Structure formats: structure tokens, C-alpha cells
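Chemist: Structural data only, the sequence is not supplied:
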């Protein structure tokens, strides 16, 4: 996910994950992103400045929930994905 090319541009990857929101009691939708990048590597995406600003202000407890901010290049939107809900990365099944 953190790979960059020789120009320091993020390298797109594919990701399949399941949605879940315990607070709202919703989820169960399987989403496949064919071209996605890690949100913190972007400089020109919508809301990229907001993510960069909040990244420096995070408390240590924020890492306890193990989520990643993923940007879908095709739909041009962000997803917050828990690492345990990821099923496939670049076509390879993720085993926990």
C-alpha cells in the first residue's frame, strides 16, 4: 500500500473489503476497488489537506482501531477500512 514510484507518486493497488459500522448496526456490503491508493500518500486528491492536518494531531489511541484511509481513484472518494475487513489485496486473498 505504501509503494511509490521513482517520482514519489503512489502506486495504485486493488482491494476487496467488507463494510461494517457497529455504531449504526449497518454493513455487510462487499466493495472492490480496482485502482486505489493509501490516502496519506496523496497530495492532489479532494480533502487531502484535511487528512494531512489531522494526521499530525492524532492521539496514540487512534492506531488502536487499525483502520486505513483508502482513496478510490475511479470514484474519487475515500473509504475508511479496518484491516481485519480486507479480503483481497492485488488479487491475493488475505488470511488472518
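Modeler: Received it, and whenever you're ready, just let me know what you need. Computed from a predicted structure; not experimentally measured.
Chemist: Show me the helices in the protein, by range?
Modeler: Using DSSP state H, the helices of the chain run over residues 48-56.
Chemist: any weak-confidence spans in it?
Modeler: Residue ranges of the chain with pLDDT under 70: 44-64.
Chemist: which residue is nearest the middle of it?
Modeler: A centroid search over the chain (CA atoms, centre = their mean) returns residue 70, at 2.1 Å, as the residue closest to the centre.
Chemist: Could you tell me how far that residue is located from residue 32?
Modeler: 12 Å (CB to CB, to the nearest Å). C-beta here means a position set from N, CA and C on the backbone, and glycine is covered the same way.
Chemist: residues shared between the contacts of these two?
Modeler: Taking CB atoms under 8 Å, 6 or more residues apart in numbering as the contact criterion, the common neighbours of residue 70 and residue 32 are residue 15.
Chemist: packing partners for the top strand by length along the chain?
Modeler: Longest among the strand segments of the chain by residue count, using DSSP state E, is strand 26-38. Strand 26-38 sits against strand 13-21, strand 67-72, with contacts defined as 3 or more CB pairs under 8 Å, 6 or more residues apart in numbering; DSSP states H and E.
Chemist: quick one, the shortest one and strand 26-38 angle?
Modeler: Put simply, strand 67-72 runs at 70 degrees to strand 26-38, going by axes from the mean of the first three to the mean of the last three CA atoms, to 10 degrees.
Chemist: which parts of strand 67-72 are buried?
Modeler: 68, 69, 70, 71, 72 (16 or more other CB atoms under 10 Å).
Chemist: Going by distance to residue 4, which of the residues you listed wins?
Modeler: Ranked by distance to residue 4 (CB to CB), these are led by residue 71 at 14.2 Å.
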